[in-house]
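# this one's sequence-less:
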Ligand SMILES: *Cc1c(COP(=O)(O)O)cnc(C)c1O
């Protein structure tokens, strides 16, 4: 490194730190014991998020892993099968929790950038035969992280909803970055969210809160989810200090995601011109994944210029834009890419 300029951290949108406004909101939060149902700020966040997506109720949890895995636990019984993408966070990055917490097996679907089709789902559903696990739940991840922030087609989501409804399967959305999708596509959140039986929304990604995710669903579902959260140790006491950050983010950090999206477009243009870059997955939101021969060398070269990126498996590097990245930083990255 050895420069006086600040590091540009494009490794993940989880690396954001609370802004001054968010810290102010946190310091002034009204709190109580949320396990006793007495934290007004947590209750307000749960209600606000549920209302935003047109679901009946919400449950504030420490992480998106917990909201996803609670949802899976409530939707499936031991020995049931969960259908998701080969790229899915719930399968790849949650410590084997589908097996450990829900005792369920997983049917993986290949597809395009983390997205599969209703036909894929239909073909994967088992008949009622004791040889097979009972197909019970489909998980969609929108945007798809390993898919380079790709958004699902609304029409395909409708068809998947249709198959789930006809075959008696539940449909869960891993919406860690659902606000990126909604902003990118200009969808109405309520119309979008209607298709899903449950939704996990992360506050600690692009929205810039330090901690937390909200699980959304029907009242009975959230009631059951609250018991699982307690069992997993996710009941938090004066959690309103954290929920206040989430409320602040909903007010101030949603529309600005469009700026992150514009910046990944700039990065993609520079990447297409960069010598070591073989291909770029066209960015749709705040993530851009590109292919190189030597990931370690590229990460080192970038790091020497104060730019941090993350490896995404063999031959792949990921840049993620977020609230801690501004236009001046993007200009520095463009210059660095031109000299790679
Ligand atoms: C970050 C993320 C989660 C949840 O992660 P936590 O670190 O547990 O909050 C879930 N799904 C996707 C796609 C993610 O990117």
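Received the coordinates, thanks. Note that the coordinates shown come from a computational prediction; the quantities given were computed from them, not determined experimentally.
# Assign residue 119 to helix, strand or coil.
Residue 119 carries the three-state label helix when classified by DSSP: H, G, I helix; E, B strand; the rest coil.
# quick one: it and residue 264, what's the gap?
Residue 119 sits 30 Å away from residue 264, taking CB to CB, to the nearest Å as the criterion. C-beta here means a position set from N, CA and C on the backbone, and glycine is covered the same way.
# ok, those two, which is more surrounded?
Of the pair residue 119 and residue 264, residue 264 is the one with more neighbours under other CB atoms under 10 Å, namely 25 against 12.
# Tell me which helix or strand that one sits in.
Using DSSP states H and E, residue 264 sits in helix 257-273.
# what about that helix, distance to the chain center?
Helix 257-273 has its average C-alpha position 19 Å from the chain's average C-alpha position, going by CA atoms, centre = their mean, to the nearest Å.
# Enumerate residues external to it that contact any of its residues.
Helix 257-273 is contacted from outside by 13, 149, 179-180, 183-184, 206, 277, 280, 282-288, 290, 319, 321-323, 325, 327, 330, 333-334, 337-338, using CB atoms under 8 Å, 6 or more residues apart in numbering.
# Restricted to helices, list these.
Among the contacts of helix 257-273, the subset assigned to helices under DSSP state H consists of 179, 180, 183, 184, 327, 330, 333, 334, 337, 338.
# Write a PyMOL command that selects only the buried members of those.
Applying 16 or more other CB atoms under 10 Å to the ones in helices among the contacts of helix 257-273 leaves a buried subset, and the PyMOL line that selects it is:
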select buried, resi 179+180+183+184+330+333+334+337
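# what residues are up against the residue in the chain that the ligand sits nearest to?
The nearest approach of the chain to the ligand comes at residue 64, 2.4 Å away (CB to the nearest ligand atom). With contact set as CB under 8 Å, 6+ apart, residue 64 has these partners: 89, 174, 176, 200, 202, 204, 205, 213.
# Can you tell me which of those comes closest to residue 219?
Within these, the smallest distance to residue 219 is 17.3 Å, found for residue 200 (CB to CB).
# so what's that closest one closest to, chain neighbours aside?
Nearest non-adjacent residue to residue 200, counting by CB to CB, 6 or more residues apart in numbering: residue 67, 3.8 Å away.
# Can you check my assumption that that neighbour lies in a helix?
Yes - when classified by three-state DSSP, residue 67 is found to be part of a helix.
# isn't it right up against residue 59?
Yes - if you go by CB atoms under 8 Å, residue 67 and residue 59 touch, sitting 7.4 Å apart.
# who touches both of the two?
Joint contacts of residue 67 and residue 59 (CB under 8 Å, 6+ apart) are 214, 215.
# Can you report how many residues neighbour residue 39?
Other residues close to residue 39 by other CB under 10 Å number 26.
# make that residue 247, sorry
By other CB under 10 Å, 22 other residues sit near residue 247.
# can you give me phi and psi for the closest residue to it other than its chain neighbours?
Spatial nearest neighbour of residue 247, excluding adjacent residues (CB to CB, 6+ apart): residue 45 at 5.2 Å. The phi/psi pair for residue 45 (degrees, to the nearest 10) reads phi -60, psi -50.
# So for residue 45, what pLDDT did the model give?
On pLDDT, residue 45 comes in at 98.
# who's in contact with it?
Counting by CB under 8 Å, 6+ apart, residue 45 makes contact with 58, 60, 214, 243, 244, 246, 247, 250.
# let's go with 10 Å and repeat that
The neighbours of residue 45, taking CB atoms under 10 Å, 6 or more residues apart in numbering as the test, are 39, 58, 60, 203, 209, 212, 214, 239-240, 242-250.
# Next: residue 210.
14, 16-18, 22-23, 26, 203-204, 241-242, 245-246.
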